[in-house]
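A.B. asks: Quick one: sequence and predicted model below, then my questions.
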Amino acid sequence: MPYRGELFALLTAMCFTGSGLLFAVASKKTGPLPANHFRLAAGVPALLVICRLLTGEWWPFDLSTERAALLVASGLVGLVLGDIGFFHALATVGPRISTVVMATWPAVTVAIAAVQGRLPDWPVLLGITMTIAGVALVLLRSPDGASWRPGITRRMQFSGIAGALLGAVGQAIGFELAGLGMAAAADAPTGVDPLQATVVRMTAALVGLQLVATVQHAPAAFVAVVHDRRALQAAAWGALFGPIGGVTLSMMARKHAAVPSVAGALIATTPVFMMPVARFVYGARIGALGVLGTLVAVAGVAVCLLNRR
């Protein structure tokens, strides 16, 4: 089937759109920690089953200690630290603004590479500039976030945006660490299977978030979701679209796309799909400037990913 990988990538973006909105609803009802905890608690067992069905193994037992450490660190930074910030943003400023700000993560990966001495080419710098400009336009258009949370204060707005930025930084660092953990080498000539790597990352994240919840005297934080019918419905569907369906489709996109960076750029179109959802589901006032900013930001992400080396 032609363009099978690209089709999977677009379906991934749609899944992440639905997941972002659904977990935003759950986070708004019960708080970011319970929703995030539920996501991992529901997602890890399902991913283990999917991994067994698609790879024939429940767990990559032949991983070297170094690779396992990199993947565990990737899960802790990207899926614990980063998602704590992102879920706070979802609950505070809503899924539309959060996903646009979160889209800056490729620019952060380029910054990490620059610190390591791998300076980007001018097309990548152009993509970074476009992404930042697009995000700035979106934030200028939506200074109060009142469409999602009426009566939001400037301080809450600032903390929500900061949370989304933390999510972007966490995702970028987690992405880089995961790339090192999956890379082909003498001990694994074809590298580590992306789905198996995801299982390791998600499991590490579940353990890490469990520790965070315990320290906050809420070791069973996910129970708050279970006890709220609307939050439970949203989180259950969110888990289906996000860590289960979305992650699986993204792995299929990576495997079947002729050019992996094209698949990455298509997956990064989530903010575009989020615009009509935000407009019709919770009445977000997007406006021409918000639409322009989202399109410019997504185009910048695409330029970064398509020219990244």
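C.D. replies: That came through, no problem.
A.B. asks: For the nearest residue to Gly245 once chain neighbours are set aside, give me the pLDDT.
C.D. replies: Leaving aside its chain neighbours, Gly245 sits nearest to Cys15 (4.9 Å; criterion: C-beta to C-beta, 6 or more residues apart in numbering). All C-beta atoms are positioned from the backbone trio N, CA, C, and that covers glycine. The predicted structure scores Cys15 at 93 on the pLDDT scale.
A.B. asks: so where do the strands sit in the stretch 201-309 of the chain?
C.D. replies: With DSSP state E, counting those that start in this stretch applied, the stretch 201-309 of the chain shows no strands anywhere along its length.
A.B. asks: which residues in it form helices?
C.D. replies: Across the stretch 201-309 of the chain, reading from the start of the chain, the helices by DSSP state H, counting those that start in this stretch fall at 223-226, 229-239, 247-256, 260-267, 270-282, 287-307.
A.B. asks: Ok, the stretch 1-150 of the chain next?
C.D. replies: When secondary structure is read from DSSP H, counting those that start in this stretch, the stretch 1-150 of the chain shows helices at 4-30, 32-55, 65-74, 82-93, 95-102, 105-115, 122-141.
A.B. asks: Mean neighbour count, the ones you listed: which tops it?
C.D. replies: Relative to the other members of those, helix 95-102 carries the highest mean neighbour count by mean count of other C-beta atoms under 10 Å, namely a mean of 29.
A.B. asks: same for that one, what does it pack against?
C.D. replies: With contacts defined as 3 or more C-beta pairs under 8 Å, 6 or more residues apart in numbering; DSSP states H and E, helix 95-102 has these neighbours: helix 4-30, helix 82-93, helix 122-141, helix 154-182, helix 270-282, helix 287-307.
A.B. asks: Need those helices in TSV (columns: distance to Phe61).
C.D. replies: Rendered in TSV, the data for those read as follows (distance: least, C-beta to C-beta, whole Å):
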stretch	distance to Phe61
helix 4-30	28
helix 82-93	27
helix 122-141	38
helix 154-182	15
helix 270-282	34
helix 287-307	33
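A.B. asks: related to what we said a few turns ago, just so I know, which of the helices of the stretch 1-150 of the chain lies nearest Ala178?
C.D. replies: With C-beta to C-beta as the measure, helix 65-74 is the member of the helices of the stretch 1-150 of the chain nearest Ala178 (4.2 Å).
A.B. asks: how far is stretch 193-212 from where the chain is centred?
C.D. replies: Centroid separation between stretch 193-212 and its chain, computed with C-alpha atoms, centre = their mean, to the nearest Å, is 14 Å.
A.B. asks: Show me which positions of it end up buried.
C.D. replies: 193-206, 208-210, 212 (16 or more other C-beta atoms under 10 Å).
A.B. asks: confidence score at the spatially most distant residue from the centre of the chain?
C.D. replies: If you look at how far each residue of the chain sits from its centre, by C-alpha atoms, centre = their mean, the farthest one is Ala186, at 30.6 Å. The predicted structure scores Ala186 at 80 on the pLDDT scale.
A.B. asks: Likewise for Ala235?
C.D. replies: Reported pLDDT at Ala235 in the predicted model: 95.
A.B. asks: Is it correct that it is in contact with Ala41?
C.D. replies: No. Distance between Ala235 and Ala41: 9.9 Å, which falls outside the contact criterion (C-beta atoms under 8 Å).
A.B. asks: Now for the two: what residues contact both?
C.D. replies: With contacts defined as C-beta atoms under 8 Å, 6 or more residues apart in numbering, no residue is shared by Ala235 and Ala41.
A.B. asks: Now for the closest residue to Val303 other than its chain neighbours: which residues touch it?
C.D. replies: Computed as C-beta to C-beta, 6+ apart, the closest residue to Val303 that is not its neighbour in sequence is Gly127, at 3.1 Å. Gly127 makes contact with 106-107, 300-305, 307, according to C-beta under 8 Å, 6+ apart.
A.B. asks: same thing but 10 Å
C.D. replies: Residues counted as contacts of Gly127 (C-beta atoms under 10 Å, 6 or more residues apart in numbering) are 106-107, 110, 120-121, 299-308.
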